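# here are the coordinates; sequence isn't available:
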Ligand SMILES: [Mn+2]
């Protein structure tokens, strides 16, 4: 049996006015080709199909066109789980219809854990494996009741315990397949400590505080298909626990990453075989940094390899004095080179001692800040301790708001 592990598509993602439609479509076309060519038995998506709760219509169309290709292919099993970016309601709405086509959607944790266990079948309907399709687990799935006066630390410990218990219960449900000698797989959409983050993963409840380690995944699972981290990686040097990463770079911090999907082959009484297949980039994301002269040279001298779309460029321009016209000058210059488009122009002031530069040196870009950053800056400006209870309350409020949006 061969499965294909992918995650973190983030369909509908965009950088300002620049959408990623062609890059996503290019990936999906390749994916369909790989699934057909390699005779994949099951496609497993570990969460974040869409970038936002209400994705643009073109993104939904892309998703459904992909599912249609799967129905027409020889791949008999599709398992899709919700991530923290997905609206469970959006993913689940067509779940019953899709189930009749052997496409299994688990948008959020189900009331009964056995509903998350998916049997994988061959073309004759014979069971060839099973998946514990664990979606992103929200606090409300893990904490039955709120405990008044509970500290942030105790609460995160209780969440970590809830996640652990969820995987143990999934293991109990899947043992019957394991005892028949069939491969069993689990999915997950979470941060497992030891992983490397990039700039594009939205913080999820226990964030990066390292409460969840690889040991929460019971040894009975032959493979753990993870989503959430956008860099492909192996967890804790255990080859069977992996993040496939996102198929296209979702932030400028990922520009040097190789993007990929994973093929995992299971043979009775043998080690699993894992093959990575690189997804070439249709559009490069690039950063140019230097003084004005260097930027002029970089922009005018830039060229593309065949078949690529114009590169999206972030320019970091080193200045020794404030220049209000910098953005316009760079964009005008870039209009002369059809091989690139400017996404953003940022200043970097070199002389940090002059009063004018000091004023502009440390102003962060609003796009780079999240609500927690803004709140902690406000607290800092008022001389308050960042680790106070007020900050914990604010975090809980954000999580609560997030969950309201999902329902
Ligand atoms: Mn993601």
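The structure has been received and is ready for your questions. Values in this document were obtained by computation on a predicted structure and should not be read as measured data.
# residue contacts, whichever residue of the stretch 251-400 of the chain sits closest to the ion?
Closest contact between the stretch 251-400 of the chain and the ion, by CB to the ion, is at residue 251 (10.7 Å). C-beta here means a position set from N, CA and C on the backbone, and glycine is covered the same way. Shown in contact with residue 251 (CB atoms under 8 Å, 6 or more residues apart in numbering): 198-200, 230.
# would you map out the domains in the protein?
Recorded structural domains for the chain (assignment: automatic domain parsing) are 2-278, 284-406.
# now for the contacts of residue 251, which pair is the farthest apart?
Greatest spatial distance among the contacts of residue 251 (CB to CB): 199 and 230, at 8.9 Å.
# packing partners of the top helix by length along the chain?
Across the chain, the longest stretch assigned as helix under DSSP state H is helix 152-179. With contacts defined as 3 or more CB pairs under 8 Å, 6 or more residues apart in numbering; DSSP states H and E, helix 152-179 has these neighbours: strand 117-121, strand 127-132, helix 139-142, strand 184-189, helix 389-406.
# Throw the ones you listed into TSV and include distance to the ion, mean pLDDT and mean neighbour count, thanks.
Shown next, in TSV, are the helices and strands packed on helix 152-179 (distance: least, CB to the ion, whole Å; pLDDT from 0 to 100; neighbours: other CB atoms under 10 Å):
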stretch	distance to the ion	mean pLDDT	mean neighbour count
strand 117-121	22	97	20
strand 127-132	20	98	22
helix 139-142	18	84	18
strand 184-189	8	97	27
helix 389-406	14	70	14
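# in space, what's closest to residue 116 - neighbours in sequence excluded?
residue 133 (5.0 Å; CB to CB, 6 or more residues apart in numbering).
# name the residues of stretch 65-82 that come out as buried.
66-67, 69-70, 75-82 (16 or more other CB atoms under 10 Å).
# could you list the low-pLDDT ranges of the stretch 1-150 of the chain?
Residues of the stretch 1-150 of the chain that meet the criterion pLDDT under 70 lie in 146.
# what residues does it put near the ion?
8, 48 (CB under 5 Å from the ion).
# circling back: deepest-packed of the domains of the chain, please.
For the domains of the chain, average neighbour numbers computed from mean count of other CB atoms under 10 Å are highest in domain 2-278, which has a mean of 18.
# tell me how far it is from the chain's mean position?
Centre-to-centre, domain 2-278 and its host chain are 10 Å apart (CA atoms, centre = their mean, to the nearest Å).
# now swap in stretch 372-389 and tell me
On CA atoms, centre = their mean, the centre of stretch 372-389 falls 28 Å from the chain's centre.
# quick one: end-to-end length of it, please.
Using CA to CA, to the nearest Å, the end-to-end distance of stretch 372-389 comes to 14 Å.
# what does stretch 325-340 give?
20 Å.
# for it, give me every contacting residue.
286, 292, 295-296, 299-300, 302-304, 310-313, 315, 317, 319, 341-342, 345, 347.
# what of stretch 64-82?
28, 31-32, 35-36, 39-47, 49, 88, 91-92, 98, 101-108, 118, 120-123, 131, 133-136, 187, 189, 227.
# what sits in contact with each of residue 199 and residue 230?
With CB under 8 Å, 6+ apart as the test, residue 199 and residue 230 both reach 251, 254.
# returning to that earlier point: tell me the one among the buried residues of stretch 65-82 nearest to the ion.
Using CB to the ion, residue 82 comes nearest to the ion of those, at 11.2 Å.
# look up phi and psi at residue 384.
phi -100, psi 150 (degrees, to the nearest 10).
# can you tell me the closest non-neighbouring residue to it?
According to CB to CB, 6+ apart, the nearest residue to residue 384 is residue 390 (7.0 Å).
# repeat that for residue 12.
Using CB to CB, 6+ apart and skipping residues adjacent in sequence, the residue nearest residue 12 is residue 59, 3.4 Å away.
# quick check: which element contains that neighbour?
Secondary structure from DSSP states H and E places residue 59 in helix 57-72.
# same check, this time on residue 78
Short version, using DSSP H and E: residue 78 is in strand 77-81.
# ok, that strand: who's next to it in the sheet?
Strands that pair with strand 77-81, judged by DSSP bridges, come out as strand 42-45 (parallel), strand 103-106 (parallel).
# out of the ones you listed, nearest to residue 127?
Taking the strands paired with strand 77-81 one by one with CB to CB, strand 42-45 is closest: 11.8 Å.
# where along the stretch 201-350 of the chain do the helices fall?
292-300, 326-334 (DSSP state H, counting those that start in this stretch).
# roughly how far apart are the nearest residue to residue 216 once chain neighbours are set aside and the ion?
Of all residues not flanking residue 216 in the chain, residue 164 sits nearest, at 4.7 Å (CB to CB, 6+ apart). Here the distance between residue 164 and the ion works out to 22 Å (CB to the ion, to the nearest Å).
# on the pLDDT front, check residue 164 for me.
The score at residue 164 is 93. That number is its pLDDT.
# any idea how far it is from residue 60?
Distance check for residue 164 against residue 60: by CB to CB, to the nearest Å, it reads 35 Å.
# can you pull the contacts of residue 260?
232, 244-245, 247, 276-279.
# closest one to residue 14 out of these, please.
When these are compared for distance to residue 14 (CB to CB), residue 247 wins out at 15.9 Å.
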